[in-house]
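Peer 1: sequence plus the predicted model coming up.
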Amino acid sequence: MAEASRTDPDTLHRRGLMFILSSPSGAGKTTISNMLLEADPAIMLSVSATTRPMRKGEEDGVHYHFVDDAEFDRLLEEDGFYEWAHVFGHRYGTPKGHIRSALKDGQDFLFDIDWQGTQQLYQKDQQDVVRVFILPPSLEELQRRLTGRGTDSAEVIAARMDRARAEISHWDGYDYVVVNDDVDACFAKVREILEAERMKRQRQTGLIDFVRNLMR
Ligand SMILES: Nc1nc2c(ncn2[C@@H]2O[C@H](COP(=O)(O)OP(=O)(O)O)[C@@H](O)[C@H]2O)c(=O)[nH]1
Ligand SMILES: Nc1ncnc2c1ncn2[C@@H]1O[C@H](COP(=O)(O)OP(=O)(O)O)[C@@H](O)[C@H]1O
């Protein structure tokens, strides 16, 4: 076959996906999200708005849009959220932004959101959503990680541990479940899930022309 008539399969057009990582607080979803964003320039973080205070090491507009209650109310009033939820006494929401049009153009998005937000996104847009739940190897290890992270008071950690069992009970609302024991092994599995989901036939919208060309 002449070189010029070949199509590079890697440049076939495909629809983007909404890759959701959820876990009980402290199980490691922020760590895995950051590894994924660093390793894979094709996926973009959906930056949520939150009314919770900024932690040490966090940056406004990068990790979250940190807003006060009045600003969150204003965004709600103008129907600015794809989904939103109360978590640990604060409000968190996914701004609508340009997600829908970007998905069409093949952009993938990463969501670090809880089970409530996952349900809302899934109800709105099943075909584009991939739901991954991360579990800690044990509750003792979860407590160790929350303490070792050093970002929350003993009171906040206790509240997060209290909530952990309730959050874990939503594991069956996800497509994939990965135990985060060794962080590199967990990351490798999450990456494999993302790669496999990208190859789903329905997402590869450029396949029709490609295959038609092969069969000519
Ligand atoms: N529904 C929803 N949940 C969110 C959103 N942003 C963050 N969350 C969840 O809120 C919870 C608390 O997040 P955070 O305060 O950053 O603490 P973390 O548990 O240590 O990540 C986590 O389960 C996040 O996944 C959002 O936009 N919508
Ligand atoms: N597999 C792992 N083994 C040991 N520590 C981990 C592992 N994964 C994450 N951690 C650590 O546990 C703490 C909580 O992780 P983080 O990613 O902030 O959790 P989450 O976003 O789910 O609340 C962090 O200090 C992180 O470095």
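Peer 2: Noted; the coordinates are in hand. Residues are numbered from 1 along each chain as shown. Ligands and ions are numbered 1, 2, ... in the order given.
Peer 1: so which residues on this protein come close to ligand 1?
Peer 2: 22, 25, 30, 48, 52, 83-85, 87-88, 92-94, 112-114, 116-117 (C-beta under 6 Å from any ligand atom). (Glycine included, C-beta is placed from N, CA and C.)
Peer 1: helices of this structure, start to end?
Peer 2: Using DSSP state H, the helices of the chain run over 29-39, 69-77, 99-104, 115-124, 139-149, 154-168, 183-198, 207-215.
Peer 1: quick one, which of these is nearest to residue 61?
Peer 2: Evaluated over the helices of the chain, closeness to residue 61 peaks at helix 69-77, with 13.4 Å, by C-beta to C-beta.
Peer 1: quick check: buried residues in that closest one?
Peer 2: 72, 75 (16 or more other C-beta atoms under 10 Å).
Peer 1: helices or strands next to that helix in the packing?
Peer 2: Judged by 3 or more C-beta pairs under 8 Å, 6 or more residues apart in numbering; DSSP states H and E, helix 69-77 is in contact with strand 49-50, strand 90-95.
Peer 1: please name whichever of those is nearest to residue 14.
Peer 2: That would be strand 90-95 among the helices and strands packed on helix 69-77, by C-beta to C-beta, at 22.3 Å.
Peer 1: quick one: that closest one to helix 115-124, angle?
Peer 2: 30 degrees (axes from the mean of the first three to the mean of the last three C-alpha atoms, to 10 degrees).
Peer 1: quick one: list the elements packing against strand 90-95.
Peer 2: Looks like strand 90-95 contacts strand 49-50, helix 69-77, strand 81-87, helix 115-124 (3+ C-beta pairs under 8 Å, 6+ apart).
Peer 1: is any residue of that strand near ligand 2?
Peer 2: No - counting by C-beta under 6 Å from any ligand atom, ligand 2 has no neighbours in strand 90-95; the shortest distance is 12.8 Å.
Peer 1: when you give positions from now on, start the count at 78
Peer 2: Noted, 78 is the first residue going forward, which turns the last one into strand 167-172.
Peer 1: parallel or antiparallel, list what pairs with that strand.
Peer 2: Strand 167-172 pairs in its sheet with strand 126-127 (antiparallel), strand 158-164 (antiparallel), by DSSP bridges.
Peer 1: now the longest one: average pLDDT?
Peer 2: Strand 158-164 carries an average pLDDT of 95.
Peer 1: does it reach ligand 2?
Peer 2: No - for strand 158-164, no contact with ligand 2 is found by C-beta under 6 Å from any ligand atom; the gap never falls below 11.3 Å.
Peer 1: follow-up on the earlier one: could you dump the helices of the chain to a markdown table with mean pLDDT?
Peer 2: A markdown table is the format used below for the helices of the chain (pLDDT from 0 to 100):
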| stretch | mean pLDDT |
| --- | --- |
| helix 106-116 | 97 |
| helix 146-154 | 97 |
| helix 176-181 | 91 |
| helix 192-201 | 96 |
| helix 216-226 | 95 |
| helix 231-245 | 92 |
| helix 260-275 | 98 |
| helix 284-292 | 93 |
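Peer 1: pick the most buried one from those.
Peer 2: helix 192-201 (a mean of 18; mean count of other C-beta atoms under 10 Å).
Peer 1: residues making contact with that helix?
Peer 2: 95, 97, 99, 159-162, 164, 169, 171, 188, 190, 206, 208, 244, 247, 250-251 (C-beta atoms under 8 Å, 6 or more residues apart in numbering).
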